[in-house]
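*Asks:* Take a look and give me a structure for this.
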Amino acid sequence: MPFLYGVAGREEMPGAALVRLLTVLGLTTGAARSLIARMRRDGLIAATPRGRGADYRLSGPFLRSFRQIRDGRPEPPAWDGLFHAIFYTVPEAQRAYRDQLRRAATLAGYGLMQPGVLISPTDRRDRLAAELGSAPRPGTVYFGRVELPLADAATVAFRAWELDELDRRYREHAARLRAAVRNRPVPPPSATALLDYVQLFDGALTDTLRTPLALPPELLPGDWSLPALLAATGEVYAHFGPPATEYVQSVLAEHGA
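*Replies:* So this is what the prediction gives:
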């Protein structure tokens with residue numbers, strides 16, 4: 001969904017246009033409306049009444065993901081010797097909160113150091129506290145820091161964010177995207193152009209979000225492949241983005257946006 005807003009180049013769209021675009025991507029009208037309703041319940045989009053319908057704007061982690069992809073990745077800081085950590089114990093009876101904690105922490109850039117310990121290169125406790133509230137009794141959630149020498153920190157980061165798997169996936173995405181730019185002509189603006197454009201990325205942009213923005217370069221593997229993927233993504237944007245964007249803008253114009 002954030003990618004679709006990205007093609008539109010805006011953080012808010014009319015509900016009728018959003019439903020239509022989702023049907024282009026393969027959903028039925030009913031499934032599109034159910035998806036929108038579920039995202040509202042989860043705090044991923046928010047609605048503003050508009051005549052008989054509503055406008056839907058991104059919020060929460062979807063808004064952050066949208067802006068991260070739109071604005072690009074800032075240069076991370078140098079390693080300062082510390083991970084910020086979440087130490088948690090949540091009993092099985094409260095597994096819904098535990099799953100919510102893990103999901104929110106992952107979206108905020110935390111990785112799993114070991115069972116019950118999540119780590120991040122930056123302190124994101126304020127964001128998590130706003131989304132989660134207090135841990136249910138008898139569970140506990142504590143925030144602290146883990147100090148490690150560089151070599152140990154690199155080993156921990158490699159496991160916590162599964163950097164070997166990400167590196168492999170980034171290389172595969174980059175090769176596929178570069179091949180598409182070489183071998184496919186630029187299509188005319190159409191629903192097909194939008195569908196092909198979305199399918200072409202096939203998880204590439206989502207995977208880039210799995211590497212924390214602030215992960216210091218000293219903790220990354222040698223010959224890290226994310227820069228190559230970001231370069232290939234830029235080539236695809238330049239090649240296939242304009243016709244997809246033109247089609248989306250035409251749909252928005254039809255719905256008064």
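
*Asks:* wait, isn't Leu148 in contact with Phe83?
*Replies:* Yes. With contacts counted by CB atoms under 8 Å, Leu148 reaches Phe83, the gap being 7.0 Å. C-beta: built from backbone N, CA, C; applies to glycine.

*Asks:* So those two - more neighbours on which side?
*Replies:* Phe83 (26 against 18; other CB atoms under 10 Å).

*Asks:* In the sheet, which residues pair with the more buried one? Tell me.
*Replies:* Val146 (DSSP bridges).

*Asks:* Please name the residues that touch it.
*Replies:* Met113, Ile119, Ser120, Pro121, Arg145, Val146, Leu148, Ala153, Val156 (CB atoms under 8 Å, 6 or more residues apart in numbering).

*Asks:* now do Ala96
*Replies:* If you count contacts by CB under 8 Å, 6+ apart, Ala96 has none.

*Asks:* Quick one: mean pLDDT over the strand or helix carrying it.
*Replies:* Secondary structure assigned from DSSP states H and E places Ala96 in helix 95-107. Computed over helix 95-107, the mean pLDDT rounds to 86.

*Asks:* likewise stretch 158-165?
*Replies:* Averaged over stretch 158-165, pLDDT sits at 96.

*Asks:* And the strands in this protein?
*Replies:* In the chain, the strands defined using DSSP state E lie at 12-14, 45-50, 53-58, 82-89, 111-114, 117-120, 140-147.

*Asks:* re the thing from before, need the buried ones from the contacts of Phe83 selected in PyMOL.
*Replies:* Restricted to buried positions by 16 or more other CB atoms under 10 Å, the PyMOL selection for these reads:
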select buried, resi 113+119+120+121+146+148+153+156
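
*Asks:* Turn the contacts of Phe83 into TSV, columns for distance to Val19.
*Replies:* Converted to TSV, these look like this (distance: CB to CB, whole Å):
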residue	distance to Val19
Met113	42
Ile119	40
Ser120	36
Pro121	39
Arg145	46
Val146	46
Leu148	49
Ala153	47
Val156	44
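
*Asks:* where's the dip in pLDDT among the contacts of Phe83?
*Replies:* Pro121 (91).

*Asks:* Looks like it contacts Pro216 (just checking).
*Replies:* Yes. Judged on CB under 8 Å, Pro121 makes contact with Pro216 at a distance of 6.3 Å.

*Asks:* list residues touching both of the two?
*Replies:* Residues touching both Pro121 and Pro216 (CB under 8 Å, 6+ apart): Pro76, Pro77.

*Asks:* for the stretch 51-200 of the chain, what are the low-confidence residue spans?
*Replies:* Scanning the stretch 51-200 of the chain for pLDDT under 70 picks out no residues.

*Asks:* Tell me the buried residues in stretch 27-44?
*Replies:* Going by neighbour count (16+ other CB under 10 Å), the buried part of stretch 27-44 is Ala32, Leu35, Ile36, Met39, Leu44.
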